[in-house]
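S.K.: from the sequence below, what's the structure:
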Amino acid sequence: MKTAIAFLLVLVSATVRADALSEQFATKLANATGALAKSDTVNVRDHVLQLAATVEQVKTAPDGRVVAGVKVTCTLDGKPIDALTSAGVGIDASRDAAIATAATEWAMQYGKPIVDALFARSPALTSGGFAVYAGPAGIRGDKPDGLGDFNASFFHTIEPALAKLIPAKTGVHAITVLGARSADGAIDGEFRVDGEVSDALKQLALQLKWPTRTTYMLKQYYVLIAH
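M.R.: Take a look at the predicted model:
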């Protein structure tokens, strides 16, 4: 009996922590976008965006700082939207601080373009029949030259293939870019369409003239809505 009660207490505690984490992410997203947060949901016009955030990894870096990885899934108007599943990473002095940093960075890089799309705000650009909402570029390493032209260049390169990459012209879609430039100028990385790794997108992206001058890692997230 004591073992069963202890297990239930652990289970309830984990559920409470998960609920509090999702609420933390919803609050950060509302603060970043001007939307209204209530518990783990964000109200955007006539839409309800519900977040479920779970800590996937916490580790200590060689410099003593803590790295936290958090997975975020989205339910829009009661329907799970797998295309909008993403992950935030935070680095800070403690576990709680790293998770808070992950929430802040996720809200800007991933959450804001989702909310901007739902608000039908002015898109960064249009391409292949889609309005494209872009988060800020995340850079690890030195900031490269030509970064300001990246979004337009990327979609100019992939636009002829968008109809095959995203055949459904309804609903909400997402493209995730994670590219790294090595010292010899070679580009490699991971490229996703609606959360799934896409070799077709990668082959197109490698044809792009990437920002130069230095080694770096670039992360860019786009939300696409048919228009």
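
S.K.: low pLDDT regions in the protein?
M.R.: Applying pLDDT under 70 to the chain flags the ranges 1-17.

S.K.: ok, 90 please
M.R.: For the chain, the stretches with pLDDT under 90 are 1-19, 140-148, 168-171, 183-185, 212-214, 226-227.

S.K.: longest strand in it, please.
M.R.: When the chain is parsed with DSSP state E, its longest strand is strand 47-60.

S.K.: touching that one from outside, list them.
M.R.: Here strand 47-60 makes contact (Cβ atoms under 8 Å, 6 or more residues apart in numbering) with 18, 21-22, 24-26, 29, 40-43, 66-78, 87, 95, 98-99, 103, 114-115, 118. To be clear about C-beta, it is placed using only N, CA and C from the backbone, and glycine gets the same treatment.

S.K.: could you point out the helix or strand that follows that strand?
M.R.: strand 66-76 (DSSP states H and E).

S.K.: check which residues of that next one are buried.
M.R.: 66, 67, 68, 69, 70, 72, 73, 74, 75, 76 (16 or more other Cβ atoms under 10 Å).

S.K.: turn those residues into a markdown table, including distance to residue 122.
M.R.: Listed next are these as a markdown table, based on distance: Cβ to Cβ, whole Å:
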| residue | distance to residue 122 |
| --- | --- |
| 66 | 38 |
| 67 | 35 |
| 68 | 33 |
| 69 | 32 |
| 70 | 29 |
| 72 | 25 |
| 73 | 27 |
| 74 | 22 |
| 75 | 26 |
| 76 | 21 |
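
S.K.: tell me the contacts of residue 85?
M.R.: Counting by Cβ under 8 Å, 6+ apart, residue 85 has contacts 71, 72, 73, 74, 195.
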